[in-house]
Structure formats: C-alpha cells, structure tokens
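> How does the following fold in three dimensions:
(one chain, ligands or ions: 1)
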Amino acid sequence: MQSINKIEEKLKTLRADYMSRRDAIHKETWHTEQAVEKDFAEQVTQRENDDVLDALDDDAKQAVMQIDNALLRIKAGNYGICPSCGSPIPEQRLDAIPYAEYCVSCADKAQ
Ligand SMILES: [Zn+2]
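As a prediction, this is how the structure comes out:
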C-alpha cells in the first residue's frame, strides 16, 4: 500500500490539473461566446464545439467532485475501502484511479 500522504498529494495534484483544465475550457467558452457569428453553418459548428467543451467541463467537474470525496475519505480514515461491499479496493485500481470509490465489481454493478 502506498503511503496515504503520497496518495493525498497525488489527488491534490490531479485536482489542480482538472481545475486548470476547467479554467481553460471556461476561457474558451467565453471567447467563443463573444465572437460574432457569420453564417448559419458557422453557428452550427460553434454550437457543436460548445457542446464538446460543455461535456469536457462536466467530466472535469465530476472528477473534481470524486477527488474531493476521496480526500474526505482519507480524512475519515476509510479511503480504499469499498463502501458497498466493505472490501479493500486493490492497489492496482487505486493506482490507475486514485479517486475510485468502489471496487471493480461494485462499480460494474452500479452501471
Ligand atoms: Zn465493492
């Protein structure tokens, strides 16, 4: 098991990453909103672009929420324990997704 301090550090770095990604997305959206539209085709492209950015922003927002939850679980002392079945989440999974809340089989069942 990695030390919990290292995991916490990793989560905070990841969180900062997602936050700056969101910043960049917001700047992009603001920029395109200010742009003067020329014709319908361009408006459609613009709209699609905004939808993609919105989806990316949503993903980043979800990830930040999950990271915050993981940080709370570290504080509460139940990080790495699946809240659904109570089994420890394998280190490999936490390595790949440090903010994973559920073990693989419970995450699969939830989908
Ligand atoms: Zn589980």
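> which parts of the helix ranked longest in the chain are buried?
If each helix of the chain is counted by residues according to DSSP state H, the longest one is helix 40-76. In terms of neighbour count (16 or more other Cβ atoms under 10 Å), helix 40-76 has its buried residues at 53, 57, 60, 63, 64, 66, 67, 70, 71, 73, 74. No exception for glycine: its C-beta is placed from N, CA and C like everyone else's.
> thought the last one was touching residue 6?
No - counting by Cβ atoms under 8 Å, residue 74 does not reach residue 6; the two are 11.0 Å apart.
> What are the buried residues along the helix or strand containing residue 94?
Using DSSP states H and E, residue 94 sits within helix 91-96. Of the residues in helix 91-96, those buried by neighbour count under the rule 16+ other Cβ under 10 Å are 93, 94.
> repeat for stretch 96-106
Those would be 98, 99, 100, 101, 102, 103, 106, for stretch 96-106 by 16+ other Cβ under 10 Å.
> ok, and which of these reach the ion?
103, 106 (Cβ under 5 Å from the ion).
> Looking at the buried residues of stretch 96-106, which is nearest residue 10?
residue 98 (5.3 Å; Cβ to Cβ).
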